[in-house]
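Q: Model the structure of this input:
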Amino acid sequence: MVLMGAKWTSLQLLYDVTNPTRPRFLCKIANTSAHLFTGDTFEYLKPVSANETDVMLHSLGSGNESHAGTFPFYVTSGSWLPDQSVMVYTEPRGPDEGFPNGGVTVYLYAHRQNSVLYAYRNGIGDCICRFGLPPEVLAVSPDGQFVAAGHLAGKGSEPIAVYRVSDRALVTTLDPGVMWAFWDRTGHRLFLDRFGTDTAQSWTPEAGVSAVTGAGAWSFLPGESPDGSQVTYTAYVNPNDQTQPRVYVYDLKTATTRLVVDQLRTQILFVKDGWVWYLDERMCKAGEACGPGATVPSGKVYAMNLSTGTEQEVSWAFGDDPHGQGGDAGWGVFGPGEFWPAT
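A: The predicted model follows:
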């Protein structure tokens, strides 16, 4: 299965990709966070009361649900580990609470204790561009030792912060130019996407910030393969002339970058080991109200087996494509979803 759309979106889509060129739509997951758990099950949050949120395990094979655990607080969106030992989530804050333009309080649940980790103010602004503002960063490292949280959302935004889970201490505040960050599939290496640089970076508490060898800038919607060996992303051929978007794959083992296809393509993501999906784009027509950017999705989704390099159009059953599930928001949800750390 593949889960599309990250936990900060209001909609996630689940597909059976046994055949990646003819996927089968399974279900929508709305207004909660979900993780893929096994090959045919996923977990999601189900608030019960002000002091209880159940973790539900749903089996696609049988259709049955079972109770997998409980958090002692109300939460609909967050990041947690498979054993439920660590959870990080947020609550909004308003002007009457000392945040003139709104803010966010980050909570950390660990060692069976729930407490405020820190709070940050919202930025003011928007991005007149094809992919909008970077999404919220809110994630526990796969080894459960660190938490990354923050949101670059315009003027007044505060940098993304990393805290240590064991003592809830601030470990580092990232450079204000870091727009987006995501954890490696194992351990506690944090990948950074920094504005104004032409090279992806990473951070660890042992080595600090360093360049990712052989990588370009992972400009938009980066995401790792299920086995953690590759990273997909979208970038413009010329960042100063945003008319020619392309999709790329970076190999972490060989430190090499691959242009997937030299055509207008965006929003690439892994759907299973060795297979990617991405959107076909077309140029905006004269007089067409197509929003920010010089290109828009054409409506076609392509699949590629990276070992063969053959591009194939994905064939959907009626209404099963992401656009059909979420209207224009369907393309917004077309990105890497949440899944458990590699084992």
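
Q: give me the element His323 is part of.
A: Assigning secondary structure by DSSP states H and E places His323 in helix 322-326.

Q: Find out how far that helix is from the centre of the chain, if you would.
A: Computed by Cα atoms, centre = their mean, to the nearest Å, the chain-centroid distance of helix 322-326 equals 18 Å.

Q: Just the CA coordinates for it, please, in PDB.
A: These are the backbone C-alpha positions of helix 322-326, laid out as PDB (Å, rounded to 0.1, in the frame of the first residue of the first chain):
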ATOM      1  CA  PRO A 322      -6.200  11.800  -6.300                       C
ATOM      2  CA  HIS A 323      -7.900  14.800  -8.100                       C
ATOM      3  CA  GLY A 324     -11.200  12.900  -8.000                       C
ATOM      4  CA  GLN A 325     -10.900  12.300  -4.300                       C
ATOM      5  CA  GLY A 326     -10.000  15.800  -3.200                       C
END
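
Q: helices or strands up against it?
A: Contact analysis of helix 322-326 by 3 or more Cβ pairs under 8 Å, 6 or more residues apart in numbering; DSSP states H and E lists strand 11-16, strand 295-305, helix 329-332 as its packing neighbours. All C-beta atoms are positioned from the backbone trio N, CA, C, and that covers glycine.

Q: Residues contacting that helix, please?
A: Residues from elsewhere that reach helix 322-326 (Cβ atoms under 8 Å, 6 or more residues apart in numbering): 4, 11, 13, 25, 28, 297, 299, 301, 316, 319, 330-334.

Q: If we use 6 Å, what do you get?
A: 11, 13, 330, 333-334 (Cβ atoms under 6 Å, 6 or more residues apart in numbering).

Q: if you average pLDDT over it, what comes out?
A: Here helix 322-326 scores 77 as its mean pLDDT.

Q: same thing with stretch 279-291?
A: On average, stretch 279-291 scores 83.

Q: Output that stretch as CSV, nothing but the C-alphas.
A: Extracted in CSV, the C-alpha atoms of stretch 279-291 (Å, rounded to 0.1, in the frame of the first residue of the first chain):
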residue,chain,number,x,y,z
LEU,A,279,2.4,14.4,-12.2
ASP,A,280,2.5,15.5,-15.8
GLU,A,281,2.5,19.3,-16.1
ARG,A,282,1.5,21.6,-18.9
MET,A,283,2.2,25.3,-19.6
CYS,A,284,-0.5,27.7,-18.7
LYS,A,285,-2.4,29.1,-21.7
ALA,A,286,-2.7,32.8,-22.5
GLY,A,287,-5.6,34.3,-20.5
GLU,A,288,-6.0,31.1,-18.4
ALA,A,289,-6.6,31.7,-14.7
CYS,A,290,-4.3,28.9,-13.4
GLY,A,291,-2.9,30.5,-10.3
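
Q: Next, the buried residues of it.
A: 279-281, 284 (16 or more other Cβ atoms under 10 Å).

Q: Keep only those of these that are in strands.
A: Among these, the ones falling in strands (DSSP state E) are 279-281.

Q: Just put those residues in JSON lines and tack on distance to Ser210.
A: As requested, these are exported to JSON lines (distance: Cβ to Cβ, whole Å):
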{"residue": "Leu279", "distance to Ser210": "32"}
{"residue": "Asp280", "distance to Ser210": "36"}
{"residue": "Glu281", "distance to Ser210": "33"}
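
Q: out of those residues, who's nearest His35?
A: Leu279 (24.5 Å; Cβ to Cβ).

Q: On the strand side of things, show who that closest one bridges to.
A: Counting by DSSP bridges, Leu279 forms beta bridges with Thr266, Val301.

Q: next one: Phe71
A: With DSSP bridges as the rule, Phe71 is bridged to Thr53.

Q: neighbours around it, how many?
A: Counted by other Cβ atoms under 10 Å, the residues lying close to Phe71 total 21.

Q: you'd agree it is up against Thr53?
A: Yes. If you go by Cβ atoms under 6 Å, Phe71 and Thr53 touch, sitting 4.6 Å apart.

Q: Please work out how many residues are found near the nearest residue to Gly214 once chain neighbours are set aside.
A: Spatial nearest neighbour of Gly214, excluding adjacent residues (Cβ to Cβ, 6 or more residues apart in numbering): Ala255 at 3.5 Å. Counted with other Cβ under 10 Å, residues neighbouring Ala255 total 11.

Q: I'd like the distance between Ala255 and Phe73.
A: The spacing between Ala255 and Phe73, counted by Cβ to Cβ, to the nearest Å, is 43 Å.

Q: So which residues of the stretch 101-250 of the chain form strands?
A: 103-110, 113-121, 137-140, 146-150, 161-164, 170-173, 178-183, 190-194, 201-204, 208-211, 220-224, 230-236, 245-251 (DSSP state E, counting those that start in this stretch).

Q: buried sites along stretch 262-272?
A: 264-272.

Q: Please work out which residues outside stretch 12-28 touch it.
A: Taking Cβ under 6 Å, 6+ apart as the rule, stretch 12-28 contacts 1-5, 29, 34, 60, 271-272, 275, 303, 312, 314-315, 320, 322, 325, 337.
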